[in-house]
Every structure is written in structure tokens, then in C-alpha cells.
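[1] The sequence and its predicted three-dimensional model are supplied below.
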Amino acid sequence: NAGVTQTPKFQVLKTGQSMTLQCAQDMNHEYMSWYRQDPGMGLRLIHYSVGAGITDQGEVPNGYNVSRSTTEDFPLRLLSAAPSQTSVYFCASSGLFVAGGGNQETQYFGPGTRLLVL
Amino acid sequence: AQSVAQPEDQVNVAEGNPLTVKCTYSVSGNPYLFWYVQYPNRGLQFLLKYITGDNLVKGSYGFEAEFNKSQTSFHLKKPSALVSDSALYFCAVRDHAGGYNKLIFGAGTRLAVHP
């Protein structure tokens, strides 16, 4: 298993440009999510999905769009890049939470995409 | 509101000494707690979790964490630190309000282990 993969690893954009960050997982996980990591702020949830065709907003969704057409893929779109979106972006996946716990709710992270918006 | 606090930005430890990275939480209902580690220029790696059961949880790379309900803490520990343990450590709690797998992360603690 490749786990969670992300492309590109690094990207430079100009203000106003759009782009798509790719995320794929081969573990048949229902749950996928996007986080951004900024110094001193930990990871903040942007969007998440609990299955194909189902997405919802996280803590910081503005300026980002997502779709989930397949179980494997969960791309993140920046509609019009702004310098405030300079960050490191992580995709994660897991099985769905089940009351009482198990192993399925542990989230696995991709290697990240470092984005610089000028 | 559910939250996680990591009160130390950085922890410095000499190699071979025990280490503790602190985490406190605030959550409604039973807490589901996690520790992740991030090495430079890498994604987050799962270390361990507490869902229910024994208060002392053992995880990867010799790490363990102690769940303390009365103090609402979930401190990460290791009996003997290695230089290779130097990394950024994140504590996280499951956001029950969301009903799914949403995690709330602390700001992170940088662990520096000196030879």
C-alpha cells in the first residue's frame, strides 16, 4: 500500500491564481480530510468527506473548495490564491468512527504540500 | 468547546534521560486522545491513542502516554530519550460534536534531545 499520497510537494503561486492539490489513498478509507499547518497554530481542518459525494466544511474553509467523486481521491482547490494561504497542506484518511473505538478511526497523513503564494 | 493545549513550545532533554511532553484537553463526553509525531519535512505519524481501558497506553518507538481523567491530561512519556526522537509532537482530541472523525490539534511541542 502506498498509503496517502499528495502532489505536488511544493508549489509557488501568484496572488489570484488557482490550483488543485491532489490527494489519494489506497486503503479504502471512507473518511478523508484536508488540514493546513501554520507555525504555532497546529493543524486546522479545512474540509472533510465521509464518503464519495459527501463533503463538509471544517474550521477554516474560506477560499477552498473540495469534491469527492471517488473513494480514493479528495482534491483541494484554491479558487483565487492569497498570501494568507501560504502554508503546508496535509491530507489525511481513516475509516469511520465507531462508538467504543477500534483501529479504524486512526488517521493517516500524507507527506504534505508546501504552498507559497506571492 | 472542545480544545487541546500543549503548554510548552519546546522541551529540551539530554539523551538517555526520561522525557515528558504535556497535553491537557477539554472535551464533552469521553475523550478520544491521540499523539502524532512530525519529523522535518514529513507528514504526521501516528504514535498512540487512548479510547478506553488502561490509563497507560503504549505506542510506537517506545513512547507511552498516561491518561489522567481528574487532571484532564494525556502526557506523552519515554523512559530514555534518543537524539532521533527530536521532532514536533502533536496532541489531538476527537471532536465529538462533529459526529465523525474530526480531530482538534494542539499547537505542537518541539522536542530537542541533545547528545
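    Perfect, thanks for sending it. Everything quoted here is computed from the prediction, not taken from an experiment.

[2] show me what contacts the residue nearest the centre of chain A?
    Centroid check for chain A by C-alpha atoms, centre = their mean gives A:Trp34 as the closest residue, at 2.2 Å. By C-beta atoms under 8 Å, 6 or more residues apart in numbering or on different chains, the residues touching A:Trp34 are A:21, A:23, A:45-48, A:58, A:64, A:66, A:74, A:76, A:89-92. Any C-beta I mention is one placed from the backbone N, CA and C, and that applies to glycine too.

[3] ok and the residue in chain B nearest chain A?
    Proximity to chain A, evaluated over chain B using C-beta to the nearest C-beta, is greatest for B:Ile51 at 3.2 Å.

[4] wait, that residue sits on B:Tyr32?
    Yes - counting by C-beta atoms under 8 Å, B:Ile51 does reach B:Tyr32; the two are 5.5 Å apart.

[5] Within the helices and strands, which one has the residue nearest to the centre of chain A?
    Element membership of A:Trp34 [criterion: DSSP states H and E] is strand A:31-37.

[6] hey, C-alpha coordinates of that strand in CSV?
    Only the C-alpha atoms of strand A:31-37 are listed here, as CSV (Å, rounded to 0.1, in the frame of the first residue of the first chain):
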residue,chain,number,x,y,z
TYR,A,31,-13.1,9.5,5.8
MET,A,32,-10.7,12.0,4.2
SER,A,33,-9.8,15.5,5.3
TRP,A,34,-7.6,18.4,4.5
TYR,A,35,-5.6,20.4,7.1
ARG,A,36,-3.4,23.4,6.9
GLN,A,37,-0.4,23.7,9.2
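
[7] could you point out which element follows the helix or strand containing B:Val37?
    If you go by DSSP H and E, B:Val37 is part of strand B:33-38. As assigned by DSSP H and E, the chain's next helix or strand after strand B:33-38 is strand B:44-50.

[8] Would you mind listing the buried residues in the helix or strand following that next one?
    The helix or strand immediately downstream of strand B:44-50 is strand B:56-58, counting by DSSP H and E. By neighbour count on 16 or more other C-beta atoms under 10 Å in any protein chain shown, the buried set for strand B:56-58 is B:Val57.

[9] Strand B:56-58 and chain A, are they touching?
    No - Strand B:56-58 is not in contact with chain A by C-beta under 8 Å from any C-beta of the partner chain; minimum separation 11.8 Å.

[10] now that strand: mean pLDDT?
    Taken as a whole, strand B:56-58 has an average pLDDT of 94.

[11] strands paired with it, and their directions?
    strand B:64-68 (antiparallel) (DSSP bridges).

[12] Buried ones in the strand it pairs with, by neighbour count?
    B:64-67.

[13] residues making contact with that strand?
    With C-beta under 8 Å, 6+ apart as the test, strand B:64-68 has contacts from B:31, B:33, B:35, B:48, B:50, B:55-59, B:73-78.
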